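In: Okay, here's the prediction I keep looking at, along with the sequence it came from:
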Amino acid sequence: MSTRRRARSGHLTVASLALFVFLLVDVNARPANFSVHKDKTPDSKETNEILPPDHLNGVKMEMDGHLNKDFHQEVFLGKEMEEFEEDSEPRRNRKKLIEIFTKVDINKDRSVSAKEMQRWIMEKTEEHFQEAVRENKLSFRAVDPDGDGYVTWDEYRVKFLASKGFNEKEVAEKIKNNDELKVDEETQEVLESLKDRWFQADNPPADQLLNEEEFLSFLHPEHSRGMLKYMVKEIIRDLDQDGDKELTLSEFISLPKGTVENQQAQDIDDDWVRERKKEFEEVIDANHNGIVTMEELEEYMDPMNEYNALNEAKQMIAVADENQNHSLELEEILKYSEYFTGSKLMDYARNVHEEF
């Protein structure tokens, strides 16, 4: 209250000031017409533990249909990706990359063949799989409060809303009594999408309960052929403009909604189109008939497909194979380190043979 206002109205008594403060606090503490209210700021780590991730390591496409920009690094580095951060020391990264080269080079001929790279890609993909399994164990415990080894949709719904900041006891009570949950529109849309995904992960005979393995498929569809099909259907549904459940090149490269506001944004969009066009024509469209079916997209996205791993190995070699001998020498991998690791190495050729 300003000095001018006090001059006109006189001084508030201690009692009236206390009443004013009480009413102000009480009004702010009670959201009107909102049966389930938020009582804390959600912990992002807690939320991530029970929500299906948007990004799946070792899978070529994101859940929203975008290409995985880090795929090459993920299948080359596996669980060691974090060791190659952009701000890490170049000499240490060079040494680590040399160590990786010696592991990939099984026959010790100082070059990496497509078959050797294929084996390495499958091994690194399996590392991502095992990491997902370990994380799933923790996530499952978080949503299985009674520890009976099964999670109902209602149990998950309570934990999900609690992780978003809603009062857990209040949510649980309302669900138990079949009372309406009044949540915001965005949260309701997420819940509906999760519910559909939940029942897809419920293996036959459907009992509306998920065990630990089914919960893994719920969080990580790449671990289940059935859930991988579901993921593919969702992506095609979002990109398919004529409803024929197939994708043409024009549908696959259609730009996301929004307008290009400047030249820099236009350049980014042009790169986006070029990358998707190349991937569609050279990789996804297996029979090169200009149409991508659900089956073709499913094969493309299957991280444990050995044929895909061999094709990926050949592509990775082609990027850095300067002497065109269809294999990679250490110097080539070091020179193209940014492609393989996401990090540039300074003076990549310096003392290569000595260090090797």
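Out: Ah, there it is. Predicted, not measured: the structure shown is a model, and the values here were computed from it. Numbers count the residues shown, from 1 in each chain.
In: So which residues of the protein form strands?
Out: Here the chain has its strands, by DSSP state E, at 151-152, 209-210, 247-248, 291-292.
In: now for the last one, which elements pack on it?
Out: Going back to what we said before, that points to strand 291-292. Applying 3 or more Cβ pairs under 8 Å, 6 or more residues apart in numbering; DSSP states H and E, one finds that strand 291-292 contacts strand 247-248. Every C-beta, even on glycine, is put in place using the N, C-alpha and C of the backbone.
In: Centre-most residue in the chain?
Out: Nearest to the geometric centre of the chain sits His55, at 1.1 Å (Cα atoms, centre = their mean).
In: correct me, but that one touches Asn68?
Out: Yes - here His55 reaches Asn68: they are 7.3 Å apart, a contact under Cβ atoms under 8 Å.
In: Show me the common contact partners of these two, please.
Out: When contacts are counted by Cβ atoms under 8 Å, 6 or more residues apart in numbering, the set common to His55 and Asn68 consists of Glu62.
In: hang on, the earlier thing: ok, now which ones touch the residue nearest to the centre of the chain?
Out: Applying Cβ under 8 Å, 6+ apart, we find His55 in contact with 62-63, 68.
In: burial count for Glu331?
Out: 16 (other Cβ atoms under 10 Å).
In: per-residue pLDDT, it?
Out: Note on Glu331: pLDDT of 95.
In: Of the strands of the chain, which is nearest Val319?
Out: For Val319, the closest of those is strand 291-292, at 23.6 Å, according to Cβ to Cβ.
In: Name the strands paired with that closest one and say parallel or antiparallel.
Out: Using DSSP bridges, the strands paired with strand 291-292 in its sheet are strand 247-248 (antiparallel).
In: residues making contact with the strand it pairs with?
Out: Residues outside strand 247-248 that contact it (Cβ under 8 Å, 6+ apart): 236, 239-240, 280, 290-292, 297.
In: Now list the buried members of those residues.
Out: 236, 239-240, 280, 292, 297 (16 or more other Cβ atoms under 10 Å).
In: now, among these, which is nearest to Glu213?
Out: When these are compared against Glu213 (criterion: Cβ to Cβ), the nearest one is Leu297, at 24.6 Å.
In: Okay, helices next: where are they in the stretch 51-200 of the chain?
Out: 71-77, 90-104, 114-143, 153-163, 168-176, 185-201 (DSSP state H, counting those that start in this stretch).
In: Let me know which of those is the nearest to Lys344.
Out: With Cβ to Cβ, the closest approach to Lys344 among the helices of the stretch 51-200 of the chain belongs to helix 90-104: 7.5 Å.
In: Can you give me the buried ones in that closest one?
Out: 93-94, 96-97, 100-101, 104.
In: What mean pLDDT does it get?
Out: Computed over helix 90-104, the average pLDDT equals 91.
In: And that helix, what does it pack against?
Out: With 3+ Cβ pairs under 8 Å, 6+ apart as the test, helix 90-104 has helix 114-143, helix 330-335, helix 337-341, helix 352-355 packed against it.
In: chain center to that helix, what's the gap?
Out: Distance of helix 90-104 from the chain centroid (Cα atoms, centre = their mean, to the nearest Å) equals 27 Å.
In: And for stretch 120-129?
Out: 17 Å.
In: okay, it in PDB with CA atoms only?
Out: Below are the C-alpha coordinates for stretch 120-129, written out as PDB (Å, rounded to 0.1, in the frame of the first residue of the first chain):
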ATOM      1  CA  TRP A 120      30.400 -53.400 -33.300                       C
ATOM      2  CA  ILE A 121      27.200 -51.600 -34.000                       C
ATOM      3  CA  MET A 122      25.100 -54.600 -32.800                       C
ATOM      4  CA  GLU A 123      27.200 -54.700 -29.600                       C
ATOM      5  CA  LYS A 124      26.800 -51.000 -28.900                       C
ATOM      6  CA  THR A 125      23.000 -51.200 -29.600                       C
ATOM      7  CA  GLU A 126      22.800 -54.000 -27.100                       C
ATOM      8  CA  GLU A 127      24.500 -51.700 -24.600                       C
ATOM      9  CA  HIS A 128      21.700 -49.200 -25.000                       C
ATOM     10  CA  PHE A 129      19.200 -52.000 -24.600                       C
END
